[in-house]
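# 3D model of this:
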Amino acid sequence: MPGGRLTLRERECIQSGLAEGLGYTEIARGLGRPASTIGREVARNGGPGRYRAERAHRATAVRARRSGVTGPQHSSPPEVTAGNEALREFATQFTELFVYDGMPRMQARVMTCLHLTDSGSLTAAELVQRLGVSPASISTAVRALEKRDLLRRQRTARRDRYYIDGDTWYRTTLQLARAAEERVRVARIGAGILGATTSSGVRLNEIADYLDYLGREMVMVVERWHIRDQP
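Predicted coordinates:
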């Protein structure tokens, strides 16, 4: 089903499509899936020339078992205080890295705070206390970060905890690849409107080709990193 895990039958269709020389977009269209899903599936399972449906299906089951771990343990994180100048200076520098990439400063401060805890998790009240801001500011920031899949919410009976995990940056990079796909689509539309033989149309098609290549390469690189420790 769209949005769910790929079935063995879908993987067999992917294998057949690759053997016929079909592109990811065409395969995805036949399955009713995003092209990015097909690209990630193929990249994490050997690439177009080595993809095998049954092997990919078994590998996915193994990854699912390995990732079925309970939420992070909540140990006491180090405090970023005026009395710890080195850590406070590092927190400032780390926050600026997020801001430089275009993240709003409050979201960047939340991300830094989570990264500098041993557990990688804090409640909203703890974030308010550590950052010295209002609950509304924290609520707005964590909602935006959760929407971008940069942090996760762990619901409990009494309160929510927000946490980052080992796949935070992996998911972030895949989001960048998906954003590249949308830019490719828009550039192609513009090229079609302007005319493929016009200078502006050629320019937009070149941009689309570049972004398409960049997105596919990005997916393959991040997937190789993600499965680097698997047998």
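# immediately after the lowest-mean-pLDDT helix or strand in the chain, which helix or strand?
Counting by mean pLDDT, DSSP states H and E, the chain has its least confident helix or strand at helix 53-67, which shows a mean of 77. The first helix or strand that comes after helix 53-67 along the chain, using DSSP states H and E, is helix 85-100.
# which helices and strands sit right next to that following helix?
Counting contacts by 3 or more CB pairs under 8 Å, 6 or more residues apart in numbering; DSSP states H and E, helix 85-100 packs against helix 105-115. C-beta here means a position set from N, CA and C on the backbone, and glycine is covered the same way.
# wait, residue 112 touches residue 98, no?
Yes: between residue 112 and residue 98 there is a contact at 7.1 Å, judged by CB atoms under 8 Å.
# the residue positioned nearest the centre of the chain: helix or strand, and which one exactly?
Nearest residue to the geometric centre of the chain (CA atoms, centre = their mean): residue 171, 1.9 Å. Per DSSP H and E, residue 171 falls inside helix 168-194.
# check which residues of that helix are buried.
Of the residues in helix 168-194, 168, 173-174, 177-178, 180-181, 183-184, 187-188, 190-191, 194 count as buried by neighbour count, 16 or more other CB atoms under 10 Å.
# now the angle between helix 105-115 and that helix, please.
Helix 168-194 and helix 105-115 are oriented at 150 degrees to each other (axes from the mean of the first three to the mean of the last three CA atoms, to 10 degrees).
# could you chop the chain up by domain?
8-67, 85-163, 168-226 (automatic domain parsing).
# picking up where we left off before, tell me the mean pLDDT over the helix holding residue 171?
The average pLDDT within helix 168-194 is 83.
# the very next helix or strand once past that helix to helix 168-194, inter-axis angle?
From helix 168-194 onward toward the C-terminus, using DSSP H and E, the following helix or strand is helix 199-226. Between helix 199-226 and helix 168-194, the angle comes out at 160 degrees (the same axes, to 10 degrees).
# count of neighbours near residue 16?
Using other CB atoms under 10 Å, residue 16 is surrounded by 13 other residues.
# that one sits in which helix or strand?
helix 8-19.
# quick one: buried residues of that helix?
10, 11, 13, 14, 15, 17, 18.
# could I get the residues you listed as JSON lines with distance to residue 41 and pLDDT?
What follows is the buried residues of helix 8-19, written out as JSON lines (distance: CB to CB, whole Å; pLDDT from 0 to 100):
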{"residue": "10", "distance to residue 41": "9", "pLDDT": "86"}
{"residue": "11", "distance to residue 41": "7", "pLDDT": "90"}
{"residue": "13", "distance to residue 41": "11", "pLDDT": "88"}
{"residue": "14", "distance to residue 41": "6", "pLDDT": "91"}
{"residue": "15", "distance to residue 41": "10", "pLDDT": "90"}
{"residue": "17", "distance to residue 41": "11", "pLDDT": "86"}
{"residue": "18", "distance to residue 41": "11", "pLDDT": "88"}
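# which elements pack onto the helix holding residue 16?
helix 24-31, helix 35-43, helix 53-67.
# what residues does the second one touch?
Applying CB atoms under 8 Å, 6 or more residues apart in numbering, the contact partners of helix 35-43 are 6, 11, 14, 18, 24-25, 27-28, 31, 48, 51, 56, 174, 177-178, 181, 215-216, 219-220, 223-224.
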